[in-house]
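Novice: please work out how this folds:
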Amino acid sequence: MNPTPELPPDSSRPWLNRNVAGMGLTSLLSDISHEMATTLLPGFLAVLGVSAAALGAIEGVADAVTSFTKLWAGWFSDRLERRKPLVVSGYGLTAGATGLLALASGWPLVLFARAAAWFGRGVRGPARNAILASSVPAEARGRAFGFERAGDTIGAVIGPLIGVALLAAMHGEAQASEAPFRMIFALTLIPGFAAALSFALLVRDSAHRPSAARPLRVALGQLPRPFRRLLWGVGIFGMGDFAHTLMILAATQLLAPREGLARAAEIAGLLYVAHNVFYAAAAYPFGALSDRIGRRGLLALGYGAGAATAAGFAAAFAWNTRSIELLLALFALGGIYVAGEEALESALVADLAQSGAHGTAYGALGAVNGVGDFVASALVGVLWTFVSPVVAFAYAAVLMAAGAVFIGSVRMKQS
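Specialist: You can find the predicted model right below:
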């Protein structure tokens with residue numbers, strides 16, 4: 001069967017179509033899988049005696065792997081007539097690597113599994129976003145990407161709830177046991193492979209005219225100047241945008257003296273569920289509103305919320321708070337800023353780059369985000385371990401605020 005031809009951006013096609021719905025379901029299932037693991041990973045590493053610096057390094061390396069994979073995969077997908085097989089293989093790899101955490105007895109295998117899973121994310125991301133961008137009219141891209149992100153985060157609500165419920169049911173008297181974590185990591189294989197199957201069965205590939213065989217460097221150099229301005233702002237913000245597993249670890253450490261380690265890990269997991277509830281609730285409204293009033297100002301606002309989140313965690317450690325209510329507010333704010341960041345960055349890329357170079361543009365965005373995330377997660381983890389968590393989160397707040405100011409002031413139109 002031939003792939004569905006790519007339609008022009010001014011087409012009057014409905015935006016909520018089979019592809020958009022199929023990608024929303026795929027993202028939901030995939031996030032159930034890897035968020036079950038993400039929520040419990042800090043507690044698992046705490047049981048193994050792994051430090052915050054190691055967690056930051058693991059997440060940073062995984063993000064760096066994703067970034068460079070996205071750069072290559074996006075450029076490569078522009079040269080393919082059919083992008084769908086690349087996406088399906090990426091979802092399958094992420095599922096299998098996440099399940100591999102069940103075999104880990106220390107940080108090296110955790111690092112390998114996490115990096116392999118994020119390699120799969122890097123392979124699939126630009127090609128999936130390019131298919132999504134070509135599946136809807138240009139004026140509805142904010143809604144389409146917001147819908148896909150909402151599906152992703154509904155899964156990110158369900159996944160942690162399943163993980164925390166299973167952890168509570170399995171722990172019993174074995175408060176420091178590794179076995180429940182391992183069993184839950186193995187169970188992530190079910191929704192993970194279901195996500196790959198969902199994309200394979202529900203999403204129709206959008207054919208496009210493959211780009212000429214150009215070296216990656218040349219393809220990147222031909223991306224428009226407004227898009228490169230966007231990347232500068234994304235990069236500045238990204239150097240403070242630490243992995244949110246560090247938020248879970250922060251809540252676990254703050255609550256453990258009062259609640260005990262196992263109970264603190266469960267509460268932190270539920271706080272992360274709240275984070276994802278707010279993420280899911282805000283993703284579509286951010287996208288839909290940006291279709292009406294523009295995206296740059298909203299993205300700057302979202303970046304500012306990220307800076308406030310990091311500053312709040314710095315204050316929580318400075319005051320040595322045990323307040324679940326304060327932590328809930330910070331996790332909620334964290335979910336809101338990620339919703340704006342992910343929905344609006346993706347929609348802006350489609351707006352600023354030519355349709356034939358969407359894969360390369362999404363790859364470049366992913367690379368810049370990944371490098372920033374690596375720097376942020378690694379530095380926050382190191383500063384946390386060797387200086388103090390107050391300094392670590394204060395550093396993040398400053399870089400995020402700088403990114404918000406840059407995006408708020410830079411021109412997104414061609415000079």
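
Novice: could you measure from residue 168 over to residue 180?
Specialist: According to Cβ to Cβ, to the nearest Å, residue 168 stands 9 Å off from residue 180. For the C-beta atoms, the positions are set from N, CA and C on the backbone; glycine is no exception.

Novice: let me redo that: residue 156
Specialist: 21 Å.

Novice: ok, these two, which is more surrounded?
Specialist: Per other Cβ atoms under 10 Å, whichever of residue 156 and residue 180 has more neighbours is residue 156, with 30 against 22.

Novice: my guess is the more buried one contacts residue 276. True?
Specialist: Yes - using Cβ atoms under 8 Å, residue 156 is in contact with residue 276, at 3.9 Å.

Novice: shared neighbours of those two, which are they?
Specialist: Both residue 156 and residue 276 are in contact with residue 35, where contact means Cβ atoms under 8 Å, 6 or more residues apart in numbering.

Novice: what about the residue nearest to residue 256 when sequence neighbours are not counted, neighbour count?
Specialist: Spatial nearest neighbour of residue 256, chain neighbours left out: residue 264 (4.1 Å); criterion: Cβ to Cβ, 6 or more residues apart in numbering. Counted with other Cβ under 10 Å, residues neighbouring residue 264 total 20.

Novice: how about the one 10 residues further on?
Specialist: If you count neighbours by other Cβ under 10 Å, residue 274 ends up with 19.

Novice: does it sit in a helix, a strand or a coil?
Specialist: Following DSSP: H, G, I helix; E, B strand; the rest coil, we place residue 274 in the helix state.

Novice: phi first, then psi, for residue 115.
Specialist: Backbone torsions for residue 115, taken as degrees, to the nearest 10, come to phi -70, psi -40.

Novice: which residues touch the residue nearest the centre of the chain?
Specialist: For the chain, the residue nearest the mean C-alpha position is residue 342 (7.5 Å; Cα atoms, centre = their mean). Going by Cβ under 8 Å, 6+ apart, residue 342 touches 149, 283.

Novice: one more pass at 10 Å, please.
Specialist: By Cβ atoms under 10 Å, 6 or more residues apart in numbering, the contact set of residue 342 is 145, 146, 148, 149, 152, 153, 279, 283, 286, 287, 302, 369.

Novice: okay, the second one and residue 196: tell me how far apart.
Specialist: Meaning residue 146. From residue 146 to residue 196 the distance is 23 Å (Cβ to Cβ).

Novice: over to the third one?
Specialist: Distance, residue 148 to residue 196, using Cβ to Cβ: 16 Å.

Novice: more neighbours: these two, which one.
Specialist: residue 148 (29 against 24).

Novice: quick check: that one touching residue 24?
Specialist: Yes - using Cβ atoms under 10 Å, residue 148 is in contact with residue 24, at 5.4 Å.

Novice: now intersect the contacts of residue 342 with the strands, please.
Specialist: With strands taken from DSSP state E, there is no overlap with the contacts of residue 342.

Novice: kindly indicate which of those lies nearest residue 227.
Specialist: Distance ranking of the contacts of residue 342 against residue 227, using Cβ to Cβ, places residue 369 first at 13.9 Å.

Novice: how near is the closest one to residue 401?
Specialist: In terms of Cβ to Cβ, residue 369 sits 18 Å off from residue 401.

Novice: more crowded one of the two?
Specialist: With neighbours defined as other Cβ under 10 Å, residue 369 and residue 401 compare such that residue 369 has more, 24 against 20.

Novice: now do the same contact list for the nearest residue to the more buried one once chain neighbours are set aside.
Specialist: Counting by Cβ to Cβ, 6+ apart, residue 238 is the residue found nearest to residue 369 once chain neighbours are left out, at 5.2 Å. Residue 238 sits next to 63, 67, 231, 303, 341, 368-376, 399-400, 403 when contact means Cβ under 10 Å, 6+ apart.

Novice: okay, now the unreliable bits of this structure?
Specialist: Low-confidence segments of the chain, defined by pLDDT under 70: 1-13, 171-176, 206-216, 355-356, 412-415.

Novice: run the last query once more with 50
Specialist: Scanning the chain for pLDDT under 50 picks out 1-10, 173-175, 414-415.

Novice: would you map the strands across it?
Specialist: 4-5, 206-207.

Novice: just the buried residues from the contacts of residue 342, in ChimeraX please.
Specialist: Buried residues within these, by 16 or more other Cβ atoms under 10 Å, are selected in ChimeraX with:
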select :145,146,148,149,152,153,279,283,286,287,302,369
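
Novice: quick check, nearest of the contacts of residue 342 to residue 324?
Specialist: Distances from residue 324 to those, taken as Cβ to Cβ, are shortest for residue 279 (19.2 Å).

Novice: and residue 116, how many residues sit next to it?
Specialist: Neighbours of residue 116 (other Cβ under 10 Å): 17.

Novice: ok, it to residue 74 distance?
Specialist: Residue 116 is 19 Å from residue 74, where distance means Cβ to Cβ.
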